[in-house]
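> build the 3D model from these lines:
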Amino acid sequence: MRGGRTYVTKGSGDFGIDIEEHSDEGLYLGQVKCYSDQNLVGFDPIAIVHSQMIKQGAAGGYVITTSDFSSNAYTYAKGLNIDLINGKQVVDLWLDYLDAKHDHINGLQPIPQMQN
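You can find the predicted model right below:
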């Protein structure tokens, strides 16, 4: 999202962080939760990301889910510089990415053939 380098962390020993994003703006830490529509993400993942932001001196963070967040999660995240990205927003971001790639490809000009 910020045009930097992004890494997926190891499955264990990451202290709750799934994604590290390094950009000109600094380090951003993320956590991903794949839940069904009926299961809302609570404030726990936000607390973990915030704790790691403090420990690692990160500029910000985010929690991404395929479902949505509870009202407590939204309240808890306020003022912490942690973005909450729900399932609908994930789809919107993906579609924006595909549109940008499509525009980039359409903007490319073919190399003229050299004649002998």
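> which stretch of helix or strand covers residue 75?
Taking DSSP states H and E as the definition, one finds residue 75 inside helix 71-77.
> which helices and strands does that helix pack with?
helix 44-56, strand 82-85 (3 or more C-beta pairs under 8 Å, 6 or more residues apart in numbering; DSSP states H and E). The way it works is simple: take the backbone N, C-alpha and C, and place the C-beta from them, glycine included.
> what's the average pLDDT for that helix?
The average pLDDT within helix 71-77 is 97.
> check stretch 3-15 too.
Stretch 3-15 comes out at a mean pLDDT of 79.
> could you list the buried residues of that stretch?
With burial defined by 16 or more other C-beta atoms under 10 Å, the residues of stretch 3-15 counted as buried are residue 9.
> what do you get for stretch 86-96?
For stretch 86-96, the neighbour count (16+ other C-beta under 10 Å) marks 86-87 as buried.
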